[in-house]
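Q: Please work out how this folds:
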Amino acid sequence: MLNDNIEKNPPVNFPGGWSKSLLSLQNFDGKVVGLPFHDGPECLIYRRDLFESHKEQADYLAKYGKNLRVPQTWEDYTQVAEFFNRPAENLYGSIFACYPDGHNTVFDYCLQLWTRGGSLVDKKGSIDINTKASIEGLNFYRNIVKDKTKVHPSSDKFDSVAAGLAFMNGEAVMMINWFGFAAMCEVDANSKVKGKIYVDVLPSAADQISASLNVYWLYTIGKGSQHKDVAYDFIRFVTNQENDKLLTLEGGIGCRISSWNDAEINKTIPYYHKLDVLHTVAKMLPQKKNWAQIAAVIDEMVLAAINTNETTENLVQAAQQQINELEK
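A: Numbering: from 1, shown residues only. Predicted structure coming up:
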């Protein structure tokens, strides 16, 4: 717990130097156990050059009778993905990371749930996924990830890193992934899309607002440390404004608001300031000791949705029953 250290010698501009969404996961009933150092909320990453192409805009208008724009709804997302899906050119409308590693599909499920106005927990704080938003989100997800007219055919083999690399290689027009993979497109020497991409908030249901998933790394101190004061001094030093910026310029994702708005950083990564917007809609996973077990159930549910013909309603109900047992 860092409370005593923070009170005696707080980090520069603490807590105002960070977004509120980067200070809550490590706060347990007022007990602060760490400071953030590597960030990266989920976002929509897209090929700005193709969206701004006059030819693409004209072709889209002719085909669909409306203007081509960055999708704000999931319905628009599927249509835009279909339009840009060109296997003969090794270009696909969208990429998802569906490799069964226990978290990719869980995160995607949460994003579908939240962008439809749903929640993982009920008013009592219990996990409740047997809801309309949950069923609608899972139904949409299971259909789109298997649709080869819209999605990269290797999505079922991609984890988030492989999906990011495929996007950086110019194989897709849109991707839902961590912000860091957008930044990678600007700084990696192997990138084929440098200067051609941009980021935005995720699409949502037509009557709902966007959402993002916020997961981040922490500097913390082990309970058994014999040098806690020295460790805290290091944490305070390495998270200051200068080092947060340096971390960013070296390929990490800085956590301070000052880094997000830094002119030098935004010259290299033109959309870095968008982190501020993404964090205004960012949500977090529940602070539950048994979350890993609950996530495993959700993962199995999503994989079953992708790989079987069982109805979405039945899959959700079965998963909820398993979760209820874990919550007893």
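Q: can you give me the strands in the stretch 151-300 of the chain?
A: Listed in chain order, the strands of the stretch 151-300 of the chain (DSSP state E, counting those that start in this stretch) span 172-178, 197-200, 212-213, 217-220, 282-283.
Q: What does the pLDDT read for the closest residue to residue 276 other than its chain neighbours?
A: Nearest non-adjacent residue to residue 276, counting by Cβ to Cβ, 6 or more residues apart in numbering: residue 260, 5.4 Å away. Heads up, the C-betas are built off the backbone N, CA and C, glycines and all. Model confidence at residue 260, expressed as pLDDT, equals 96.
Q: go on, the one 4 residues further on?
A: pLDDT for residue 264: 96.
Q: Would you agree residue 193 is in contact with residue 48?
A: No - between residue 193 and residue 48 there is no contact under Cβ atoms under 8 Å: 9.4 Å.
Q: More neighbours: which of the two?
A: Between residue 193 and residue 48, counted using other Cβ atoms under 10 Å, residue 193 has the larger neighbour count: 21 against 18.
Q: Just put the strands of the stretch 151-300 of the chain in TSV and tack on mean pLDDT.
A: Listed next are the strands of the stretch 151-300 of the chain as TSV, based on pLDDT from 0 to 100:
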stretch	mean pLDDT
strand 172-178	97
strand 197-200	98
strand 212-213	96
strand 217-220	95
strand 282-283	94
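Q: Would you format those strands as CSV with distance to residue 32 and mean neighbour count included?
A: Conversion of the strands of the stretch 151-300 of the chain to CSV gives the following (distance: least, Cβ to Cβ, whole Å; neighbours: other Cβ atoms under 10 Å):
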stretch, distance to residue 32, mean neighbour count
strand 172-178, 25, 26
strand 197-200, 30, 21
strand 212-213, 22, 24
strand 217-220, 9, 16
strand 282-283, 19, 21
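Q: Quick one: these as TSV, columns for distance to residue 294 too.
A: TSV is the format used below for the strands of the stretch 151-300 of the chain (distance: least, Cβ to Cβ, whole Å):
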stretch	distance to residue 294
strand 172-178	22
strand 197-200	30
strand 212-213	15
strand 217-220	21
strand 282-283	16
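Q: which stretch among the ones you listed comes nearest residue 241?
A: With respect to residue 241, and counting by Cβ to Cβ, the nearest of the strands of the stretch 151-300 of the chain is strand 217-220 at 15.3 Å.
Q: Listing partners with orientation, what would you give for the closest one?
A: Sheet pairing of strand 217-220 (DSSP bridges) gives strand 34-38 (antiparallel).
Q: and the strand it pairs with, what's its mean pLDDT?
A: Within the predicted structure, the mean pLDDT of strand 34-38 is 93.
Q: Just the residues contacting it, thanks.
A: Outside strand 34-38, the residues within contact range by Cβ atoms under 8 Å, 6 or more residues apart in numbering are 2, 11, 18, 22-23, 26, 216-221, 235, 238-239, 244, 247, 252-253, 255.
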